[in-house]
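Q: no FASTA, just this:
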């Protein structure tokens, strides 16, 4: 029953957060000067009036808001205002697969490489390997992903021709965008893992395990690694947010026809329904990632109580 209450509480706050996100997105979009048809040249007033009527822009703001809430409740994200007969839900479904593949690979690479670097740095504390790993981590945090992407494109693709400059047609096309997208998460995970494992390595139960004659490999696998990666589990939610938001820029740079590229293009032409639909979709993804992370942390660390906090 404790787990049921915990999950129900999380779901309730997810719904509240989703409502706030939908409302904020709607009113912010309406607050921006102009509309989707402002940039159109030489559109006769009668045609513009018909477009306004077709998309409900001639109705009062409160009427548009409650209609949009009703449509969202039915799972309808609307129709694009700039693409003829293009349903927003269908557009997201068509383009999300590329974004999903890129994001999943980037998250897997981030966790594996980040934990490995952090573990090596902790095991070789205050040695050259430790210093080198932390220098790389600082660079990964400090340098924006679009700068990393541009440098990688210039060096590896333009100068040496080792990988394609752009596109998303096969495994080799993953290298540059995944490297650019996972640079910052790798750096954060490496620092988290190093700090946590240094604390674990000096814990009393590690000394006890050594005194009992356990092999170093057994100590690493059973105690150090398991307890050392707990902070990484808590970071999975924010990392997913970082990867999702970062993919918007990365997809544009590498010409990947994912949802991020569609989002940027929609902003450029003020396509209200596409912008709001993709924003809500991103919000749901991030909330689900955070929800799964919270549930996973309860199972990974038995000391966490379902009501929050740790047992004394």
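A: On my side now, so go ahead. In this text the structure is predicted, and so the values were computed from the model without any measurement.

Q: for the record, mean pLDDT for stretch 37-51?
A: Mean pLDDT, stretch 37-51: 74.

Q: Offset the numbering so it begins at 772, please.
A: New numbering, starting at 772: the last item is stretch 808-822.

Q: Now do it: distance from first to last residue.
A: Using C-alpha to C-alpha, to the nearest Å, one end of stretch 808-822 lies 8 Å from the other.

Q: Stretch 1037-1050 now?
A: 11 Å.

Q: So what does residue 858 have for phi and psi?
A: phi -70, psi 130 (degrees, to the nearest 10).

Q: Could you measure from it over to residue 1022?
A: Using C-beta to C-beta, to the nearest Å, one obtains 21 Å as the distance from residue 858 to residue 1022. To be clear about C-beta, it is placed using only N, CA and C from the backbone, and glycine gets the same treatment.

Q: Looking at these two, which is more packed in?
A: Shown here are residue 858 and residue 1022; by other C-beta atoms under 10 Å, residue 1022 has more neighbours (25 against 17).

Q: Name all residues that make contact with the closest residue to that one other than its chain neighbours.
A: In space, and not counting its chain neighbours, residue 1022 is closest to residue 1031: 3.9 Å by C-beta to C-beta, 6 or more residues apart in numbering. Contact analysis of residue 1031 by C-beta atoms under 8 Å, 6 or more residues apart in numbering lists 870, 1018-1023.

Q: Please apply the same query to residue 1029.
A: For residue 1029, the contact set (C-beta under 8 Å, 6+ apart) comprises 866-867, 869-870, 873, 939, 1018, 1022.

Q: Among the residues you listed, which are located in helices?
A: In this view, those that belong to helices under DSSP state H are 866-867, 869-870, 873, 1018, 1022.

Q: from these, which has minimum pLDDT?
A: Lowest confidence among the ones in helices among the contacts of residue 1029: residue 1018, with 82.

Q: Could you measure from that residue over to residue 1069?
A: For residue 1018, the distance to residue 1069 - C-beta to C-beta - is 29 Å.

Q: Have a look at the two and say which one is more surrounded.
A: For residue 1018 versus residue 1069, neighbours defined as other C-beta under 10 Å are more numerous around residue 1018 (27 against 16).

Q: my guess is the more buried one contacts residue 875, does it?
A: No - shown here, residue 1018 and residue 875 do not form a contact pair, counting by C-beta atoms under 8 Å, at 11.0 Å.

Q: And the least confident helix or strand in the chain by mean pLDDT, what does it pack against?
A: Here the helix or strand of the chain ranked lowest by mean pLDDT, DSSP states H and E is helix 996-999, holding a mean of 79. When contacts are defined as 3 or more C-beta pairs under 8 Å, 6 or more residues apart in numbering; DSSP states H and E, helix 996-999 packs onto helix 859-894, helix 946-972.

Q: Between these, which shows the greatest average number of neighbours?
A: Using mean count of other C-beta atoms under 10 Å, the stretch among the helices and strands packed on helix 996-999 with the largest mean neighbour count is helix 946-972, at a mean of 23.
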